[in-house]
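Q: Just the structure for this:
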Amino acid sequence: MNCIIIDDDESCRTVLEQMIVQTDPLKHIGSYENGIGAVSALKNSDTHLIFLDVEMPEMNGIDMLAQLEIKPLVILTTSHKEYALDAYEHDVVDYLVKPVTLPRFLKAVSKAERRFESSFMGSLSNDRNYFFVRKDTVINKIPIADVLWVEAMGDYVTINAKGKKVIIHSTLRAMENKLPKEKFIRVHRSYIVQMENIKTIEGNTIFIEDNYIPLGTVYKDSFLKRLGFLG
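A: Coordinates of the predicted model:
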């Protein structure tokens, strides 16, 4: 998981950076001394996890969370236990009290890893006509028949359904492995479509409702065979 640290205390940032280096699931991609600089960076990076200090000048950690449209997983770090209630209200993964110890750090990371892997809620059986995905604090129920296409966005995917669009932490490969193979097909390195919702196909373009989906050259032959294309 790609992670960043946001803390105005340089010594605390250094301690967390050293712990991250020792922890295989984590990749440190940046450290920031305030939330203002981090908000801008988060818009341009694939961040899965934030180690976020609560008490910071200008913008505290809780206020920063409120500004994020897409919220990565969050582990709060603070010197004061009274912020625990805020942690639960914002659905953060865990709450670390400074000074942070390595065993407690590893326990929090383990929780984050489980949460990251469960963004898509379980495999789908052939007799189930819906699935659940988690977005921030909300678990969304999505009927399979309503899914139009799934699009890759780095380490996120967008599930485009009728009347709903949900962005979750996942990969297109993970989605491809879990969606019913008799209904969905990969048509591009960045797109999976539901075959029943295809309107027309023109050249290397698939039309679903009023949307244009590219058909990748390496996927075209297998796609046309799946459709039962005869000519």
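Q: C-alpha only now, for contacts and for neighbours.
A: Noted.
Q: Output the below-cut-off pLDDT ranges for this structure.
A: Applying pLDDT under 70 to the chain flags residues 44-45, 70, 82-90, 117-128, 135-138, 155, 229-231.
Q: From the contact counts, what lies against the longest helix seen in it?
A: The longest helix of the chain (DSSP state H) is helix 102-117. Applying 3 or more CA pairs under 8 Å, 6 or more residues apart in numbering; DSSP states H and E, we find helix 102-117 packed against strand 73-78, strand 94-97.
Q: What residues of that helix count as buried?
A: Within helix 102-117, the residues scored as buried using 16 or more other CA atoms under 10 Å are 102, 105, 108-109, 112-113, 116.
Q: what number of residues lie near Pro214?
A: Neighbour count for Pro214, taken as other CA atoms under 10 Å: 16.
Q: Now for it: which residues touch it?
A: Contact analysis of Pro214 by CA atoms under 8 Å, 6 or more residues apart in numbering lists 187-188, 191, 204-206.
Q: Please name the bridge partners of it.
A: Pro214 has these beta-bridge partners by DSSP bridges: Thr205.
Q: which residues of the protein fall in helices?
A: 10-21, 35-42, 61-67, 84-89, 102-117, 172-178, 217-227.
Q: which one of those lies closest to Arg134?
A: helix 102-117 (9.4 Å; CA to CA).
Q: what does the closest one contact?
A: Under the contact criterion CA under 8 Å, 6+ apart, helix 102-117 has outside partners 1, 19, 23, 25, 48-49, 73, 75, 93-96, 169-170.
Q: Go again with 6 Å.
A: 93-94 (CA atoms under 6 Å, 6 or more residues apart in numbering).
Q: same thing with stretch 189-207?
A: 148-152, 183-186, 208, 212-215.
Q: quick one, domains of the protein?
A: Domain assignment of the chain by automatic domain parsing yields the ranges 2-117, 130-227.
Q: Show me how far the shortest one is from its chain's centre.
A: Right, the one you point to is domain 130-227. Chain-centre distance of domain 130-227: 16 Å, with CA atoms, centre = their mean, to the nearest Å.
Q: From the opening residue of that domain to its closing one, how far?
A: With CA to CA, to the nearest Å as the measure, domain 130-227 spans 23 Å from end to end.
Q: What of stretch 22-29?
A: Start-to-end, stretch 22-29 (CA to CA) is 15 Å.
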